[in-house]
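Trainee: what would the 3D arrangement of this be:
(chains A and B)
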Amino acid sequence: MVSSFAKSFGSVLYRNFFKKESTYFTTVVLSGVAFSLTFNTMFEKYWNKKTAGLKWEDIKDRRSIKRQEEMIHSVFIINRSGGLIYSKNYNTHIAQLSSNEALIFAGTFHGIHALATRIAPGGRSTSARDMGIQTIDTKNFRLHCFQTPTGIKFIAVTDLLHTKLTDVLNRIYELYSDYALKNPFYNLEMPVRSDMFDTKLLQLVQAH
Amino acid sequence: MSAKQYKTVGEEAWKNNVEKVNAELFIFTYGSLVVQLVKDYEDYTAVNKQLDKMGYNIGVRLIDDVLARTGLEKCADFHSTAEVISKVGFKVFLNITPSVQNWSSDGKEFSLIIDDNPLNDFCELPPRAVQDGLWYSNVFCGVIRGALEMMQMQTEVYFVRDVLHGADVSEIRVKLVKVLDEEVPANDE
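Mentor: Okay, here's the model as predicted:
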């Protein structure tokens, strides 16, 4: 029974595929193509599954998001008496402070900063006077503050990747002295309204 | 920081970070300004006062420029303040370094001795002006006073003698009146 079935299967195979040389050849070619196609798709499926989340297509977007995170979100300048004289937001994705809130923030920060210089251990000896608050960290951002010897505070809000921003804040100080202070029509301690300052600051922020 | 270090800071800033202008343009501008003031006020004391006021307004802005460019920090005492004024301030803006001399015993007064004041070039005061005490370069006094005030130091700055009055050097006296305690007023608690 078995042998007769095998025999008939063999003969069917022989009659249909091997007898004629052209059919034999086509069979070989077709089955080769079919095998390679299935193998490729199978393997690619397996490969994609194995490397999921590591390939360029997957991380491309994430990299650009990361780039956005690596920026300076906003800049504030506070004058000697705690008034806000400049504030600018560079990131549209984060919550904006209303102008009133920004003023309150400036006043509050000024007060805390002044107190921080006082509670520093080591007392009031002028030589080792504390610099006050230099950074404030939260889970999502870091606030950097640089106070000039004349008492102006430059504040930048960044993500946590920026650890030291002294250079940038010092550059902002230079821009401030160039484009605000040297303008004869700028009144000291008053809000900075200068297009040139805006442009230069934007260039500086974008470079970081 | 020692006096020598301040000197290096001043020289570095002068070399790298300062835009230079034609000295004669500067001298003539200042000269015509003084002459115009003399014409307008017809009183040399009033002119001195105006020059001092102008200097003050320059000084309160200039100080931030110096600090931003040199990155200097707050001075520990008045002696180093004097060094910074002569070796950084005057160096950066006028390329001269007046010597600091004649300290008072309490360390609150000193003199800046200027041998070569660029503003004096080409200038000869008429006898009336000398007699009534016009301090031609009185703008310096204002600048120093304004700059120090921004650093919480209240000072009196005045000319003692001037080359233009026949002295062999010019001398500016700087007197510290008091250090204003910063930021939080004393009874703000």
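Trainee: every contact and neighbour count from this point should use C-alpha atoms.
Mentor: Noted.
Trainee: mind checking the longest helix of chain A?
Mentor: helix A:21-50 (DSSP state H).
Trainee: quick one: average pLDDT of the helix ranked longest in chain B?
Mentor: The residue-count maximum for a helix in chain B (DSSP H) belongs to helix B:44-70. Helix B:44-70 comes out with an average pLDDT of 92.
Trainee: from the chain's centroid, how far away is whichever helix or strand comes after it?
Mentor: Tracing the chain past helix B:44-70, the next element assigned as helix or strand by DSSP states H and E is helix B:78-84. Averaging C-alpha coordinates over helix B:78-84 and over its chain gives two centres that are 13 Å apart (CA atoms, centre = their mean, to the nearest Å).
Trainee: again, but for stretch A:6-16
Mentor: Counting by CA atoms, centre = their mean, stretch A:6-16 is centred 68 Å from the centre of its parent chain.
Trainee: what sits up against that stretch?
Mentor: residue A:23 (CA atoms under 8 Å, 6 or more residues apart in numbering or on different chains).
Trainee: can you report how many residues lie near residue A:38?
Mentor: Residues lying near residue A:38 (other CA atoms under 10 Å in any protein chain shown) number 11.
Trainee: quick one: is the longest helix of chain B near chain A?
Mentor: Yes. Under the criterion of CA under 8 Å from any CA of the partner chain, chain A is reached by helix B:44-70 at B:61, B:64, B:65, B:67, B:68, B:69.
Trainee: now for that helix, which elements pack on it?
Mentor: The contact analysis (3 or more CA pairs under 8 Å, 6 or more residues apart in numbering or on different chains; DSSP states H and E) places helix B:44-70 against helix A:166-175, helix B:3-16, helix B:23-41, helix B:127-132, helix B:139-150.
Trainee: of the ones you listed, which stretch is the most buried?
Mentor: Highest mean neighbour count among those (mean count of other CA atoms under 10 Å in any protein chain shown): helix B:139-150, with a mean of 24.
Trainee: with only the CA atoms kept, save it in PDB.
Mentor: Once non-C-alpha atoms are left out, helix B:139-150 reads as follows in PDB (Å, rounded to 0.1, in the frame of the first residue of the first chain):
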ATOM      1  CA  VAL B 139      34.800 114.400  34.200                       C
ATOM      2  CA  PHE B 140      37.200 111.800  35.600                       C
ATOM      3  CA  CYS B 141      36.100 112.600  39.200                       C
ATOM      4  CA  GLY B 142      32.500 111.900  38.200                       C
ATOM      5  CA  VAL B 143      33.300 108.700  36.400                       C
ATOM      6  CA  ILE B 144      35.200 107.300  39.500                       C
ATOM      7  CA  ARG B 145      32.400 108.400  41.800                       C
ATOM      8  CA  GLY B 146      29.700 106.900  39.600                       C
ATOM      9  CA  ALA B 147      31.500 103.600  39.100                       C
ATOM     10  CA  LEU B 148      32.300 103.200  42.800                       C
ATOM     11  CA  GLU B 149      28.700 104.100  43.800                       C
ATOM     12  CA  MET B 150      27.500 101.100  41.700                       C
END
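Trainee: tell me which helix or strand comes right after that helix.
Mentor: Following helix B:139-150 in sequence, per DSSP H and E, is strand B:153-161.
Trainee: direction included, what does that following strand pair against?
Mentor: strand B:170-179 (antiparallel) (DSSP bridges).
Trainee: please spell out which residues along the strand it pairs with are buried.
Mentor: The neighbour-count check on strand B:170-179 (16 or more other CA atoms under 10 Å in any protein chain shown) flags B:170, B:171, B:172, B:173, B:174, B:175, B:176 as buried.
Trainee: quick one, it and helix B:139-150 angle?
Mentor: 20 degrees (axes from the mean of the first three to the mean of the last three CA atoms, to 10 degrees).
Trainee: please pull out the lowest mean pLDDT helix or strand from chain A.
Mentor: Lowest by mean pLDDT, DSSP states H and E among the helices and strands of chain A is helix A:56-69, with a mean of 60.
Trainee: next helix or strand past that helix?
Mentor: Sequence-wise, the next helix or strand downstream of helix A:56-69 (DSSP H and E) is strand A:72-78.
Trainee: near chain A, which residues of chain B? Just list them.
Mentor: B:61, B:64-65, B:67-69, B:73-77, B:150-152, B:183-184.
Trainee: so what's residue B:151 up against?
Mentor: By CA under 8 Å, 6+ apart, residue B:151 lies in contact with A:149, A:150.
Trainee: any stretches of chain A with poor pLDDT?
Mentor: A:1-3, A:59-70, A:121-130 (pLDDT under 70).
Trainee: how about the residues of it by chain B?
Mentor: Of all the residues in chain A, those lying near chain B are A:80-81, A:114, A:126-127, A:148-151, A:170-171, A:173-174, A:177-178, A:181-182, A:188, going by CA under 8 Å from any CA.
Trainee: from those, keep the buried residues only.
Mentor: Looks like the residues of chain A next to chain B have A:80, A:114, A:148-151, A:170-171, A:173-174, A:177-178, A:181, A:188 buried, using 16+ other CA under 10 Å.
Trainee: now do the helix or strand bottoming out on mean pLDDT in chain B: everything it contacts.
Mentor: Within chain B, no helix or strand scores below helix B:3-16, which has a mean of 83 by mean pLDDT, DSSP H and E. By CA under 8 Å, 6+ apart, the residues outside helix B:3-16 that reach it are B:69, B:70, B:80, B:83, B:84, B:87, B:88, B:89, B:91, B:92, B:93, B:95.
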